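S.K.: Next come a sequence and a model predicted from it.
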Amino acid sequence: MDLAHLRYAVEIARTRSISQAAENLYMGQPNLSRAIRDLEDELQIQIFRRTSRGVSITQDGEDFLRYARSIVLQADEIENIYKNKKLPKQRFSLCAPRVSYISEAFTRFTQLAAASHPEEQPFEFFYKETNSMKAINKVLNGDYDLAIIRYQTIFDKYFREMFGEKKLTAETIADFPYYVTLSACDPLAKKEVLLVQDLVHGIEILHADPYVPSLPTADLMKAESSEAVSRKVYVYERGSQFSLLENVPGAFMWLSRVPDDLLDKYGLVQKSCADHTRRYKDVLIYRKNYKLTELDNLFVLELCRSKREHLDT
């Protein structure tokens, strides 16, 4: 098997286009197509399915590309070490939900890693906030090594089945309730005991891309939102949710515990709701054939520390 052929396959998968990959690789499209056919014949699998809109990746192709990306990355590292006489580049990559205690853990982790690594030690850290479906796919495709996904505990069986099917290791980080998060100026912030009925006339802020394996998005939207609330705003960004909560009268959101400094920054408060019973889980996932690195373990330590400080209070 030729390393160059692996590079070709990885580039086609990245661009989802044989013509674009050929251009990026400075080679003719017929030669690239021939090389991929030779690779598929050698492995006796189909990696790509040609369509009128480019290429799609087969299931065999997904499995093959996970190994190919790893091999190409390691080959580049070896070349960098011995040809350029440089220290090996250390890499950390994480997909996570839009959650404050996790981003705080990543900040602390980066500070510690930077302080403990000499200046000549190169490293690359990647941190992407996204929903569970995209995070899972990023890990399965080998684009990211770790992911944290969040879901309601009532959906645990759906996710556990999928983890087994996809050969993912899954470790529960936290199990917790949600709290009503709203402006400190909102009249409801002064109530000693809140009920779900108190929120009926408010504006609910929700993340727009929930995901549970095998369940329709419409059903998930109902499961995540307050049924009696008729005014809803769907967002994708953590920053925008805080801005809305701070500036839109009547806005509220169900969230896990938010660090006090962020609540103070945006003028927000969090209150428990006596008749709200939903619980959520944060679960760390990675491929079963992946071994946690020293950097991964350092991040997990900071993650658990941040979780204890904010979710266990």
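M.R.: That came through fine. Numbers count the residues shown, from 1 in each chain.

S.K.: going forward, measure contacts and count neighbours with C-alpha atoms only.
M.R.: Will do.

S.K.: Check which helix or strand R69 maps to.
M.R.: If you go by DSSP states H and E, R69 is part of helix 59-83.

S.K.: List the buried residues for that helix?
M.R.: Neighbour counts over helix 59-83 (16 or more other C-alpha atoms under 10 Å) mark 61-62, 64-66, 68-69, 72, 77-78 as buried.

S.K.: Next: stretch 26-34.
M.R.: 29, 32-33.

S.K.: Need the mean per-residue confidence for the helix or strand that the helix holding R69 is followed by.
M.R.: Next helix or strand after helix 59-83 toward the C-terminus (DSSP H and E): strand 90-96. Averaged across strand 90-96, pLDDT comes to 93.

S.K.: Tabulate the CA atom coordinates of strand 90-96 in CSV.
M.R.: These are the backbone C-alpha positions of strand 90-96, laid out as CSV (Å, rounded to 0.1, in the frame of the first residue of the first chain):
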residue,chain,number,x,y,z
GLN,A,90,1.5,17.6,20.3
ARG,A,91,-2.2,17.7,19.4
PHE,A,92,-5.3,18.0,21.4
SER,A,93,-8.8,18.1,19.9
LEU,A,94,-12.2,18.3,21.5
CYS,A,95,-15.8,18.8,20.3
ALA,A,96,-18.1,20.0,23.1
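
S.K.: Direction-wise, compare the helix or strand that that strand is followed by with strand 90-96 and give the angle.
M.R.: With elements assigned by DSSP H and E, the helix or strand that comes after strand 90-96 is helix 100-116. Going by axes from the mean of the first three to the mean of the last three C-alpha atoms, to 10 degrees, helix 100-116 is angled at 170 degrees with respect to strand 90-96.

S.K.: which strands and helices sit next to helix 100-116?
M.R.: If contacts are counted by 3 or more C-alpha pairs under 8 Å, 6 or more residues apart in numbering; DSSP states H and E, helix 100-116 sits against helix 294-310.

S.K.: in the helix it packs on, what counts as buried?
M.R.: 295-296, 298-300, 302-304, 306-307.

S.K.: residue ranges for the strands of the stretch 101-250 of the chain, please.
M.R.: Secondary structure of the stretch 101-250 of the chain (DSSP state E, counting those that start in this stretch): strands located at 123-129, 146-152, 168-177, 179-183, 203-207, 231-235.

S.K.: now those strands as a markdown table including mean neighbour count, mean pLDDT and distance to S17?
M.R.: As requested, the strands of the stretch 101-250 of the chain are exported to a markdown table (neighbours: other C-alpha atoms under 10 Å; pLDDT from 0 to 100; distance: least, C-alpha to C-alpha, whole Å):
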| stretch | mean neighbour count | mean pLDDT | distance to S17 |
| --- | --- | --- | --- |
| strand 123-129 | 14 | 93 | 24 |
| strand 146-152 | 23 | 96 | 27 |
| strand 168-177 | 16 | 95 | 29 |
| strand 179-183 | 24 | 96 | 45 |
| strand 203-207 | 21 | 94 | 32 |
| strand 231-235 | 14 | 93 | 31 |
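
S.K.: Reformat the ones you listed as TSV; add distance to D260.
M.R.: As requested, the strands of the stretch 101-250 of the chain are exported to TSV (distance: least, C-alpha to C-alpha, whole Å):
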stretch	distance to D260
strand 123-129	21
strand 146-152	21
strand 168-177	17
strand 179-183	12
strand 203-207	20
strand 231-235	22
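
S.K.: and of the ones you listed, who's closest to T110?
M.R.: With C-alpha to C-alpha as the criterion, T110 lies closest to strand 123-129 of the strands of the stretch 101-250 of the chain, at 8.2 Å.
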